[in-house]
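Undergrad: Pasting a predicted model and its sequence here:
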Amino acid sequence: MLANRISMLQFEEDKILKKIQQTRKRAEEIMLAKQRNDDMFDKRMRDKEMKMQQEEENRQKYFNDRAHRSIIKKENKKAILNANNKDFKIGKSLTIEHDNYKRGFQENVRKSNHLKKEKIRSEEEIRSEKLRQIEEEKIRENQEFYNDRVEMERQRILEEEKRIKVTKLSNLFSKWRSLRKSY
């Protein structure tokens, strides 16, 4: 009976040990689950914290970028204004330079035209003088020619008159002779 009792007690002890072991196992599983849950909670918290930190960094980056863009925009506006002012000044100086060049060019053209005009005027005077001389020469030649013709005509007339006088005289002489013979 004792042996029976011992075996039953052993059986009970085994049963209790088995239950303890199951309880330990279960406690370990619970601990592991709790550890896993704690780890997941910690991970979620870290993720949430990282996400918030990332959002904060993004927000900060956005504000920094915005401020930087604003500064760049102001600098660009300032640079554009300076460039426009420089371009305006350069344009104005180029316009003045161009106007001065234009005035100088126009003055040179005026002087050149005046010189050409004077040269043409003097050439026209020379040409008109030559034409006048040629006309005078022609007039003189024509006068000489007509004088020569007149002289030749007068000579011819004189010769004709002489011939007529001689013929008249000869006729008269012949008439006189004939009249003389008839007496």
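TA: That came through, no problem.
Undergrad: quick check: mean pLDDT across stretch 144-155?
TA: For stretch 144-155, mean pLDDT rounds to 88.
Undergrad: for stretch 48-55, same thing?
TA: Throughout stretch 48-55, pLDDT has a mean value of 91.
Undergrad: How far does it sit from its chain's centre?
TA: Relative to its parent chain, stretch 48-55 has a centroid offset of 57 Å by C-alpha atoms, centre = their mean, to the nearest Å.
Undergrad: Extract the C-alpha set from that stretch and format it as CSV.
TA: The C-alpha trace of stretch 48-55 is given here as CSV (Å, rounded to 0.1, in the frame of the first residue of the first chain):
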residue,chain,number,x,y,z
LYS,A,48,6.1,57.0,-34.3
GLU,A,49,8.8,59.1,-32.7
MET,A,50,11.0,58.7,-35.9
LYS,A,51,8.0,59.6,-38.0
MET,A,52,7.3,62.7,-35.8
GLN,A,53,11.0,63.5,-35.9
GLN,A,54,11.0,63.0,-39.7
GLU,A,55,7.9,65.2,-40.0
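Undergrad: number of nearby residues for Glu49?
TA: By the other C-beta atoms under 10 Å criterion, the neighbourhood of Glu49 contains 10 residues. Where you see a C-beta, it was placed from the backbone N, CA and C, and this is true even at glycine.
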